[in-house]
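Peer 1: Let me see the structure of the following:
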Amino acid sequence: MGMEVGTKNPKSEINVTPLVDVVLVLLIIFMVITPIILQATKVHLPKMEVTDEEPDPLAPKTLVIKVDADGSIALRVGDAEQQVGWEQLYAKLKAQLDARSDKIVFVDASTMIAYGQFISITDLVKGIGAHVAVVDTDEVTEDEGKQKEG
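Peer 2: Below you'll find the predicted structure:
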């Protein structure tokens, strides 16, 4: 069995019977437990209406922060647009958002502004507790792209 007579090297074999027994027992345990676990998990999801409508950025009550290529900032509430400085933006935006139930702000930014300025504006909006819903940028023409690179 373990050794042959007349040889100097012992012959060692692994007995796989206990391994097969353990694997079969584990298989049976998992086969019994799996249906019990699946039956015990019940999830009740709320029903909601599915609509294809997106928020209209030009609706009368929509807040839009517009950033031009020269870095000037304007706050548009519906149709009324007013130029604001960086220092005034926080106070005016917070006053508008405190009076609203929806905390959604649209950002209309030129692609020619610095990335850091755009991130600063989105961080300011998130810091107030609002969500940046849409980021709208203007298209860059080929000439403008070359000017920015050069």
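Peer 1: quick one, strands of the chain?
Peer 2: Residue ranges of the strands in the chain, as given by DSSP state E, are 63-67, 73-77, 80-84, 104-109, 131-137.
Peer 1: Could you check how far the top helix by length along the chain is from the centre of its chain?
Peer 2: When the chain is parsed with DSSP state H, its longest helix is helix 17-40. In terms of C-alpha atoms, centre = their mean, to the nearest Å, the centre of helix 17-40 is found 39 Å from the chain centre.
Peer 1: residues making contact with it?
Peer 2: For helix 17-40, contacts defined as C-beta atoms under 8 Å, 6 or more residues apart in numbering pick out no residues. Placement of C-beta: from N, CA and C, glycine included.
Peer 1: Stretch 67-82 now?
Peer 2: Contacts for stretch 67-82 (C-beta under 8 Å, 6+ apart): 59-66, 83-86, 89, 92-93, 96, 107-110, 112-114, 117-118, 121.
Peer 1: Buried ones among these?
Peer 2: Those of the contacts of stretch 67-82 that meet the buried threshold are 62-66, 84, 89, 93, 96, 107-110, 112-113, 118, 121, by 16 or more other C-beta atoms under 10 Å.
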